[in-house]
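Colleague: return atomic coordinates for the entry below.
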Amino acid sequence: MREYEADLVALLRELDDPGWLEWPRAYDRGVTGALFDRLVTRREDDFATRCATERDTQDSSEYGRVTVPADATVSGTRIVVCVSKFGSLALVCADNPGAFLGAGEALAEGELDGADLGKVDRALADLGYVTVPEELLECGYDGPSQLPWHVQRPSWWHRYFGSF
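Modeller: Numbers count the residues shown, from 1 in each chain. Below is the predicted model of the structure:
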């Protein structure tokens, strides 16, 4: 495991409070929503297009998603940014979560452009989000929280972006 991945795993463990599954103890819906609005504006400005959004997702630890449409990207594949209710965690994926085994695979297959990914990563960093690679989120969850019964093979994705 690379050093930055170890730091991310440490962060995931630090945020994991078994008493608070859907959102963290100090969750502020207004602050989270305002930051998400800034992300949407930045995505729309950077890609010069309207982006579809889902926000304030019910019964989920995911707050929402912003989707850059395929016709606004160099590769012709949409870019989806998922935002968790926990610690400003974010995930960037080509097409949809799970469509590729992470951004690296999508880049290698030509389904994600490096410059487009750079725009997304810069915006997330500028706004204080922590981007967690999809490959890491797909690792088996071994934290203290009791995840929902319907989750057959719990992963960090289920903990911070899943439904309850």
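
Colleague: what helices and strands are in contact with the longest helix anywhere in the chain?
Modeller: What stands out as the longest helix in the chain, according to DSSP state H, is helix 29-47. Here helix 29-47 touches strand 62-68, strand 79-84, helix 114-126, going by 3 or more Cβ pairs under 8 Å, 6 or more residues apart in numbering; DSSP states H and E. The way it works is simple: take the backbone N, C-alpha and C, and place the C-beta from them, glycine included.

Colleague: go again with 7 Å.
Modeller: When contacts are defined as 3 or more Cβ pairs under 7 Å, 6 or more residues apart in numbering; DSSP states H and E, helix 29-47 packs onto strand 62-68, helix 114-126.

Colleague: mind checking how far the shortest one is from the chain centre?
Modeller: The reference is to strand 62-68. Its chain's C-alpha centre lies 8 Å from the corresponding centre of strand 62-68 when counted by Cα atoms, centre = their mean, to the nearest Å.

Colleague: what's in contact with that strand?
Modeller: Contact partners of strand 62-68, identified using Cβ atoms under 7 Å, 6 or more residues apart in numbering, comprise 32, 36, 39-40, 43, 47, 51-57, 78-85, 161.

Colleague: emit the ChimeraX select command for whichever of those residues are buried.
Modeller: To isolate the buried subset of these in ChimeraX, counting by 16 or more other Cβ atoms under 10 Å, use the following:
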select :32,36,39,40,43,47,51,53,57,78,79,80,81,82,83,84,85,161
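
Colleague: quick one: terminal-to-terminal distance for stretch 72-82?
Modeller: End-to-end span of stretch 72-82 (Cα to Cα, to the nearest Å): 18 Å.

Colleague: likewise stretch 67-85?
Modeller: 18 Å.

Colleague: and stretch 75-87, by the same measure?
Modeller: First-to-last residue span, stretch 75-87, Cα to Cα: 31 Å.

Colleague: what about that stretch, average pLDDT?
Modeller: Averaged over stretch 75-87, pLDDT sits at 96.

Colleague: ok, Arg29 - how many residues close by?
Modeller: Using other Cβ atoms under 10 Å, the number of residues around Arg29 comes to 11.

Colleague: how about it, what does it touch?
Modeller: Arg29 is in contact with Asp56, counting by Cβ under 7 Å, 6+ apart.
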